[in-house]
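Q: Got a sequence here, can you build the structure:
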Amino acid sequence: MSLLAAVAAQAGESSTSSSTTGEEVLFWILAPLAVLGGVGLVVSRKAVHGALFLALTMISLAVLYIALEAPFLGVVQIVVYTGAIMMLFLFVIMLIGVDASDSRVETIRGQRGAAALAVLGVVILLIAVTGRAALPDPVGTDAATPEGNVYAIADLIFGRYVWAFEVVAAVLITAAVGAMALTHKERMSRRPTQRELSERRFREGDPREAAGTP
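A: Numbering: from 1, shown residues only. A predicted model of the protein is given here:
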């Protein structure tokens, strides 16, 4: 019996070490990709390229979540953020046609200074929270959430932190409505029809050029 127990313990240790090695290899592959995506988002001159770099970072983080036995966060990261929100931003950017020179125009006076102060405040807050954080010894996902990862997240969101969740949801909805209100433009004149546009092309230029003939 002692020999069988020793063999079982050795097999468990080997499987644990191989799993740890696989997680380390996966981390060293995906972590540089995530950092590369973040750097590309900052230095890219075109908005579409920046959105694609951000999608690369999100996908890398999603795979890391799944490897750390958090499948719910990984699926949400891919389906919600990468698949829905990020692609929606990308489609809007491609439809509107945002140029790199447009981002340098300060439409609201003092917005760059306010953004710098906000970033400084967030950095100070993160440093203060990280410095005062008490991290207990890791116990593993199974011990921390014995009833399952999805159930534990649902219990925290709709139980202990339900008011914070509702406040964040209200802020996001307000931001979406505000963005629509700021980008909406009232049309002061009637939209021209296709026939009127064709007639205008013929009046302003050569009909052969409007027809596309040499």
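Q: okay, which residue is most central for this protein?
A: Taking Cα atoms, centre = their mean as the criterion, Y81 is the residue nearest the geometric centre of the chain, at 5.0 Å.
Q: dump the residue contacts of I153.
A: 72-73 (Cβ atoms under 8 Å, 6 or more residues apart in numbering). To be clear about C-beta, it is placed using only N, CA and C from the backbone, and glycine gets the same treatment.
Q: And L56, how close does it get to A62?
A: Counting by Cβ to Cβ, to the nearest Å, the separation of L56 from A62 is 11 Å.
Q: So between those two, which is more surrounded?
A: Neighbours per residue, other Cβ atoms under 10 Å: of L56 and A62, the larger number sits with A62, 22 against 17.
Q: got any ranges where the protein has weak pLDDT?
A: In the predicted model, the chain carries pLDDT under 70 at residues 1-20, 94-108, 138-146, 183-188, 205-214.
Q: in the protein, which spans are helices?
A: Remark: helices assigned in the chain by DSSP state H are 2-43, 47-67, 71-76, 87-96, 111-132, 141-144, 149-155, 162-183, 194-204, 207-211.
Q: Please identify the most buried of these.
A: Here the criterion is mean neighbour count by mean count of other Cβ atoms under 10 Å, and of the helices of the chain the winner is helix 47-67, at a mean of 19.
Q: Contacts for it, please.
A: Residues outside helix 47-67 that contact it (Cβ under 8 Å, 6+ apart) are 23, 26-27, 30-31, 33-34, 36-41, 44, 71, 73-75, 77-78, 81-82, 86-87, 89-90, 93-94, 98, 100, 103.
Q: Nearest residue to G40 in space, please, no chain neighbours.
A: Of all residues beyond its chain neighbours, the one nearest G40 is F53 (3.5 Å), with distances taken as Cβ to Cβ, 6 or more residues apart in numbering.
Q: need the contact list for the residue nearest to the centre of the chain.
A: With contacts taken as Cβ under 8 Å, 6+ apart, Y81 has the following neighbours: M58.
Q: Next, work out how far apart it and L73 are.
A: Here the criterion is Cβ to Cβ. By it, Y81 lies 10 Å from L73.
Q: Check V48 too.
A: The spacing between V48 and L73, counted by Cβ to Cβ, is 27 Å.
Q: Please apply the same query to P192.
A: Counting by Cβ to Cβ, the separation of P192 from L73 is 50 Å.
Q: First-to-last residue distance for stretch 182-193?
A: In terms of Cα to Cα, to the nearest Å, the two terminal residues of stretch 182-193 are separated by 27 Å.
Q: Same check on stretch 61-77?
A: Taking Cα to Cα, stretch 61-77 runs 8 Å from one end to the other.
Q: Then stretch 35-49?
A: Across its full length, stretch 35-49 reaches 15 Å between end residues, using Cα to Cα.
Q: With stretch 182-200 instead?
A: Criterion Cα to Cα; first-to-last residue distance in stretch 182-200 is 31 Å.
Q: Equivalent analysis for stretch 128-136, please.
A: 18 Å.
Q: what's the spacing between that stretch and its chain's center?
A: How far stretch 128-136 lies from its chain's middle: 25 Å, per Cα atoms, centre = their mean, to the nearest Å.
Q: and if you look at stretch 177-184?
A: Taking Cα atoms, centre = their mean, one finds stretch 177-184 lying 21 Å from the centre of the chain it belongs to.
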